[in-house]
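J.: Need a 3D model of the following:
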Amino acid sequence: MSHAPRTRTVVGCTLLVIALGVGVTACGGDGHPLSATPYDATDQISFNGPTGDRKKADPDKPLEVTAEDDGRITDVTARDAAGRYLAGELSADGGRWHSTAPLAANAHYTVRVSTENEDGAPGRRVLDFDTGKPRTHKRLKVTFGPKSGTYGVGQPITAELSMPVKDKAQRAVVERALKVDSMPAASGGWHWVNDKELHYRPKEYWPAHATIQIRSNLEGIKISDRVWGGTSKPLKLTTGDRLIAVTDASSHAMKVYKNGEVIKEIPVTTGKPGFETRNGVKVVLAKEYFVRMRGTSIGIAEGSSESYDLPVYYATRVTWSGEYVHAAPWSVGSQGYANVSHGCTGMSTANAAWFFEHVREGDVVQVINSDGHTMESFGNGFGDWNLAWKNWRGGSALVAGNPEGPGPEEAARLQPTAV
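T.: Predicted structure coming up:
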């Protein structure tokens, strides 16, 4: 949508006339051409839309509006029945306006054109037309995650595409159509994890007790010559209390914060040398009452000094490779004093049961002061928060200077189940 300074004056004066009923006085003087009622500009402009009652515009072609010799276009607003505005560009001389974004297929458009004649008097024309079906039958659909429900304030939004999108311009079309609304508001952005997956997170954690609505406006939108947007199911989430658990590996203690206040301090043990617990922010992925953990799953030879095969209870998962917060009754004597686990955060059965009861998916579990590496951003759970905001925004196709083809960071080390 383009705007010329003179158009804003015309619209402002027209509104004043309606509101105040004072005609020429509101617009600066008797006989001023801008105070006149807009004339019918039907004969002053033309457009490349369909002609005849049954014809439809080709959504593969841009919309063009052209002024005749005795006038100029001052403003064009094009919007479809779904409320989506069509971006466009007006030439400097006002002779031509053309759309710069794809038309939606199978849509009804209303186009409002403002003009002026040689004397500066304002004109108006309203155009209505329908677009036809695209030439291709390929449809790109989006599946949002997680499933509907209530989550912690660290839960990222995921968007899985039904087919890969590699071209940056095409990615921009897709990303621009993916909408996230939060109440209370939370400023955030999308990040391309790979060709088929995007994640969305705010700059900071979500507000507590927020309502988050996610939808796609891609339906009927042209993405490439062969691909158009398809129908996607919207998603609604809510957040609970702001619950953040911080484990200090050097002091062997976990502090659990609820809405900014410490509600529990727990003695823990984390990974010993060679099996250090990952630093960084992790997000609760699942809660599993019972898990059988074996050393062979992380490459420890059966029968060796490090071998184990244990029943584990109250296991809160924070990575897909097997890092948990769980009950470890066999190490109670070391909890609060030494790190003796194979990478997980262990605590007494009573404390693990309390933790298991109080956390939900999406809650934040952060580890500090471990000698281990930092949690990978993608591929092993939700390490999204370990990217600085500038780097997160660099993964958007809509941010200037974004490197071509932003992809996931390489997983530093994926460890299966450890205790």
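
J.: the bottom helix or strand of the chain by mean pLDDT?
T.: Within the chain, no helix or strand scores below helix 5-20, which has a mean of 34 by mean pLDDT, DSSP states H and E.

J.: Past that helix, which element shows up next along the chain?
T.: Remark: after helix 5-20, the chain's next helix or strand is strand 39-40, criterion DSSP states H and E.

J.: Packing partners of that following strand?
T.: Here strand 39-40 is seen to pack against strand 122-130 when contacts are counted using 3 or more Cβ pairs under 8 Å, 6 or more residues apart in numbering; DSSP states H and E. Heads up, the C-betas are built off the backbone N, CA and C, glycines and all.

J.: Mind listing the strands the strand it packs on pairs with, and their directions?
T.: Next to strand 122-130 in the sheet, as set by DSSP bridges, lie strand 39-40 (parallel), strand 108-117 (antiparallel).

J.: Work out the sheet partners of the very next helix or strand once past the shortest one and label each with its direction, please.
T.: Using DSSP H and E, the helix or strand that follows strand 39-40 in sequence is strand 45-47. Strand 45-47 has the following strand partners under DSSP bridges: strand 64-67 (antiparallel).

J.: what mean pLDDT does the strand it pairs with have?
T.: Here strand 64-67 scores 89 as its mean pLDDT.

J.: Quick one: distance of that strand to the chain centre.
T.: 36 Å (Cα atoms, centre = their mean, to the nearest Å).

J.: same question, stretch 350-362
T.: Distance of stretch 350-362 from its chain centroid, counting by Cα atoms, centre = their mean, is 29 Å.

J.: just use 13 as the starting number from now, easier for me
T.: Sure, I'll start counting at 13 from here, so that last one is stretch 362-374.

J.: Return stretch 379-393 as PDB; C-alpha atoms alone will do.
T.: Output of stretch 379-393 as PDB, limited to C-alpha atoms (Å, rounded to 0.1, in the frame of the first residue of the first chain):
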ATOM      1  CA  VAL A 379      22.200 -25.000  34.700                       C
ATOM      2  CA  ILE A 380      25.100 -22.700  35.600                       C
ATOM      3  CA  ASN A 381      28.800 -23.200  36.600                       C
ATOM      4  CA  SER A 382      29.100 -26.700  35.200                       C
ATOM      5  CA  ASP A 383      32.300 -27.600  33.400                       C
ATOM      6  CA  GLY A 384      30.200 -29.000  30.500                       C
ATOM      7  CA  HIS A 385      29.400 -27.400  27.200                       C
ATOM      8  CA  THR A 386      26.300 -25.300  26.700                       C
ATOM      9  CA  MET A 387      23.000 -26.800  25.700                       C
ATOM     10  CA  GLU A 388      22.700 -26.900  21.800                       C
ATOM     11  CA  SER A 389      20.100 -24.500  20.500                       C
ATOM     12  CA  PHE A 390      18.300 -27.000  18.300                       C
ATOM     13  CA  GLY A 391      18.000 -30.800  17.800                       C
ATOM     14  CA  ASN A 392      18.100 -32.000  21.300                       C
ATOM     15  CA  GLY A 393      15.100 -30.400  22.900                       C
END
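
J.: Contacts for it, please.
T.: 205, 211, 258-263, 282-283, 285, 288-295, 297, 330-333, 355, 357, 395-396, 398-399, 420-426 (Cβ atoms under 8 Å, 6 or more residues apart in numbering).

J.: List only buried entries from the residues you listed.
T.: Burial by neighbour count, 16 or more other Cβ atoms under 10 Å: within the contacts of stretch 379-393 this picks out 205, 211, 258-261, 282-283, 288-295, 297, 330-331, 333, 355, 357, 395-396, 398-399, 420.

J.: so of these, which ones are in strands?
T.: Counting by DSSP state E, the buried ones among the contacts of stretch 379-393 place 205, 211, 258-260, 292-295, 357 in strands.

J.: Let me have the residues you listed in CSV, adding distance to V77 and pLDDT as columns.
T.: Putting those into CSV (distance: Cβ to Cβ, whole Å; pLDDT from 0 to 100) gives the following:
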residue, distance to V77, pLDDT
V205, 40, 98
H211, 39, 98
V258, 59, 98
T259, 62, 98
D260, 64, 98
G292, 53, 97
V293, 51, 98
K294, 53, 98
V295, 49, 98
T357, 63, 97
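
J.: Of all pairs in the residues you listed, which one is the farthest apart?
T.: Farthest apart among these by Cβ to Cβ are V205 and D260. That separation is 30.0 Å.

J.: rewinding a little: okay, the strands paired with strand 134-142, which one's buried deepest?
T.: With neighbours defined as mean count of other Cβ atoms under 10 Å, those peak in mean count at strand 120-129, which reaches a mean of 20.

J.: Who does G283 form a beta bridge with?
T.: S353.

J.: And G135, by the same measure?
T.: Residues in a beta bridge with G135, per DSSP bridges, are Y51, T127.

J.: State the distance from it to E277.
T.: In this structure, G135 and E277 are 73 Å apart, going by Cβ to Cβ, to the nearest Å.

J.: Looking at the two, which one has more neighbours?
T.: Between G135 and E277, counted using other Cβ atoms under 10 Å, the more crowded position is G135 (24 against 12).

J.: which residues does that one contact?
T.: Residues near G135 by Cβ under 8 Å, 6+ apart: 50-53, 56, 83, 126-129.

J.: Report pLDDT for it.
T.: Looking at G135, its pLDDT is 87.

J.: Figure out the helix or strand that I85 lives in.
T.: In this assignment (DSSP H and E), I85 forms part of strand 83-92.

J.: in that strand, what counts as buried?
T.: Using 16+ other Cβ under 10 Å as the test for burial, strand 83-92 gives 83-90, 92.

J.: what's the angle from it to strand 120-129?
T.: Calculated by axes from the mean of the first three to the mean of the last three Cα atoms, to 10 degrees, strand 83-92 forms an angle of 160 degrees with strand 120-129.

J.: Who are the contact partners of T243?
T.: For T243, the contact set (Cβ under 8 Å, 6+ apart) comprises 151, 153, 231.

J.: make it 10 Å
T.: 151, 153-154, 228, 230-232 (Cβ atoms under 10 Å, 6 or more residues apart in numbering).

J.: quick one: it from L98, how far?
T.: When Cβ to Cβ is the yardstick, T243 and L98 sit 20 Å from each other.

J.: Break down the stretch 63-212 of the chain into its helices, ranges please.
T.: With DSSP state H, counting those that start in this stretch, the ranges of helices along the stretch 63-212 of the chain come out as 180-189.
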